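# Structure for the following, please:
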Amino acid sequence: MSTLYTATVTATGGREGKVISSDGQIDLNIEMPKSLGGSGGAGTNPEQLFAAGYSACFDSALNLVIRSKRMKEVTGTEVTAHVSIMKEGDGFKIGAMLDVKVSGVDKATAQELADAAHQVCPYSKATRGNIDVTINVVE
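Numbers count the residues shown, from 1 in each chain. You can find the predicted model right below:
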């Protein structure tokens, strides 16, 4: 396996800190949501960042599958990731639900495409067997 790209991001201050990428494209404040006892300020949080990455990666994988099948009838795709943090014993865990929309095909075909994308998406591969992930095809 050869590395194609490496992203480098440094975090300081944990859930009340900052994340900054080595190329300067990401420079964000991290704030704890009110529901977790934080201020709920203008910053983002690890769950939102994970959701952003997963939804973008899955949508890319979905479009890769569509292109490989030469499906000209697909007129658009959209992936919305819902990432939750949950209490587990003395610690925490995350879970993800992806709402997948494929325009131009019926729901059964969209489900087949979503299932195929779930097999090739790097985030899906990384999370498989580690966190609960639900894929919902929506219209």
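
# Residues in contact with stretch 1-19: which ones?
20-22, 26-32, 36, 38, 45-46, 49 (Cβ atoms under 8 Å, 6 or more residues apart in numbering). Placement of C-beta: from N, CA and C, glycine included.

# Need the residue closest to the centroid of this structure.
Geometric centre of the chain, nearest residue: residue 54, 1.6 Å, by Cα atoms, centre = their mean.

# Just say helix, strand or coil for that one.
Counting by DSSP: H, G, I helix; E, B strand; the rest coil, the backbone at residue 54 sits in helix.

# What of the one 10 residues further on?
Going by three-state DSSP, the secondary structure assigned to residue 64 is helix.

# Please name the nearest non-neighbouring residue to it.
residue 120 (6.6 Å; Cβ to Cβ, 6 or more residues apart in numbering).

# Give me the subset of the contacts of stretch 1-19 that lies in helices.
Using DSSP state H to define helices, the subset of these located there is 46, 49.

# how about low-confidence regions in the protein?
Of all residues in the chain, none has pLDDT under 70.

# Repeat the analysis, applying 80 as the threshold.
Residues of the chain meeting the criterion pLDDT under 80: 40.

# Please enumerate the helices of it.
With DSSP H as the criterion, the chain has helices spanning 46-68, 107-120, 122-127.

# Select only the buried ones of the contacts of stretch 1-19 in PyMOL?
The following PyMOL line selects those of the contacts of stretch 1-19 that are buried, judged by 16 or more other Cβ atoms under 10 Å:
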select buried, resi 20+28+30+31+32+45+46+49
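
# Minimum distance to residue 133: which of the helices of the chain has it?
Comparing these by their distance to residue 133 (Cβ to Cβ), the top pick is helix 122-127, with 5.6 Å.

# per-domain residue ranges of the chain.
Using automatic domain parsing, the domains assigned to the chain come out as 1-44, 46-138.

# Which of those domains has the highest mean neighbour count?
domain 46-138 (a mean of 16; mean count of other Cβ atoms under 10 Å).
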